[in-house]
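> From the sequence below, what's the structure:
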Amino acid sequence: MIQVLAVTRAGCRRSFPRHLLHRITTLAISTLAVAIPQLLLTASLKAQSSERPNIVLILADDMGYADAGFTGSQDILTPNLDKLAASGVVFRQGYANHPFCGPTRAALLSGIYQHRFGFETNPAYDPANPIMGIDPDVPLFPKRLQEVGYVTGCVGKWHLGAAEPFHPNNRGLDYFYGFLGGGHDYFRIDLTEPVKEAYLQALTRNDKPATFDGYLTTALSRDAASFVEKNKDKPFFLYVAYNAPHAPLQAPAEDIERYKHISDTKRRVYAAMVDVMDRGIGEVISAVDRNGLRDNTLI
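Presented below is the predicted three-dimensional model:
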């Protein structure tokens, strides 16, 4: 029972298992941010019984609505997303709750419109600021899943506050690997730069600084696949929060070369970024398949 969820902030397509589809139509919810947590909470209630579906939530950052094959793209290859869409239920209309990063994620993880608890701007990267982040009194659905026996993990971009009260490990996630700010350079870390240059700061693995090798999107995908491998014998929730294809426009040279037929040089790099992300999603799905989890995983 493996399904697709493909997200963009300007617009989105959504897919859920067919037996849950009526729940969305009954709710008549118009935003992704409210619908998804409702469905995940349904799954968490179900998890109190003997049947505990694994849940993988994948979020792309700044990806255009029509830039996947299953949404009509002719110039960017997304075979893994296309396969998921073909095996799932595709919602033909949907709208993100906010036009930029932090508030979108705040609503997505809380199931509450972000303006109802005052999260309407992107928080700056400031590990010393105990105020600039998502209200600790607002419950997030990973915590609820944790409470019914799930191992919970997040790989990628957080952007809900960088200080200790807002850290993913303190908001219902057993495992975190990624960065706490709004973006990151895709190739390097440079600790000689001031903290205000958040895109060059070290990554974080739980409560310790971390690094990555090669291209960031690929590193995140491999870590997400590793999470699946390590938790294959437990019910798990995995939030794969890519920063791709968010700026800066950076991709491996060999992947950019694959899109040399695109005349616009910026779109050429962007296409390569989406392509690498799609291949990474395929790597995560392969980990699900390899461990015999396909029939009990919602994606």
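> Do I have it right that V138 meets S110?
Yes - V138 is within contact range of S110, at 5.2 Å (criterion: C-beta atoms under 8 Å). In short, each C-beta sits where N, CA and C put it, glycine included.
> what residues are shared contacts of the two?
Common contact partners of V138 and S110 (C-beta atoms under 8 Å, 6 or more residues apart in numbering): F117.
> do you know how far M132 is from I76?
35 Å (C-beta to C-beta, to the nearest Å).
> Give the residue from the two that has the larger number of neighbours.
Neighbour count, other C-beta atoms under 10 Å: between M132 and I76, I76 has more, with 22 against 18.
> Look at that one and report its pLDDT.
Looking at I76, its pLDDT reads 97.
> Am I right that it is in a strand?
No - when DSSP: H, G, I helix; E, B strand; the rest coil is applied, I76 is found to be coil, with no strand at that position.
> that older thread, neighbour count winner among V138 and S110?
S110 (23 against 18).
> my read: the more buried one touches D137, true?
No - the pair S110 and D137 fails to qualify as a contact (C-beta under 8 Å) at a distance of 10.7 Å.
> Could you pull out the buried residues of stretch 244-252?
Residues of stretch 244-252 classed as buried under the neighbour-count rule (16 or more other C-beta atoms under 10 Å) are 244-246, 249-252.
> Tell me which two in those residues are the farthest apart.
With distances taken as C-beta to C-beta, the most widely separated pair in the buried residues of stretch 244-252 is H246 and P252, at 16.6 Å.
> Helices of this protein, residue ranges please.
18-27, 32-46, 79-87, 101-110, 141-147, 216-230, 253-257, 265-290 (DSSP state H).
> End to end on stretch 164-172, go ahead and measure it.
13 Å (C-alpha to C-alpha, to the nearest Å).
> And the average pLDDT for that stretch is what?
Rounded mean pLDDT across stretch 164-172 is 97.
> Quick check: buried residues in that stretch?
So for stretch 164-172, counting by 16+ other C-beta under 10 Å, buried means 166-168, 171-172.
> out of the helices of the chain, deepest packed?
Comparing these by mean neighbour count (mean count of other C-beta atoms under 10 Å), helix 101-110 comes out on top with a mean of 25.
> send the alpha carbons of it over as CSV?
Taking Å, rounded to 0.1, in the frame of the first residue of the first chain, the C-alpha atoms of helix 101-110 are listed here in CSV:
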residue,chain,number,x,y,z
CYS,A,101,9.3,28.2,3.8
GLY,A,102,8.9,28.4,7.5
PRO,A,103,5.1,29.1,7.8
THR,A,104,4.4,26.3,5.3
ARG,A,105,6.3,23.8,7.4
ALA,A,106,4.8,25.1,10.7
ALA,A,107,1.3,24.4,9.4
LEU,A,108,2.3,21.1,7.8
LEU,A,109,3.7,19.7,11.0
SER,A,110,1.1,21.1,13.4
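> I'd like the average pLDDT over that helix.
96.
> With that, I have no additional questions.
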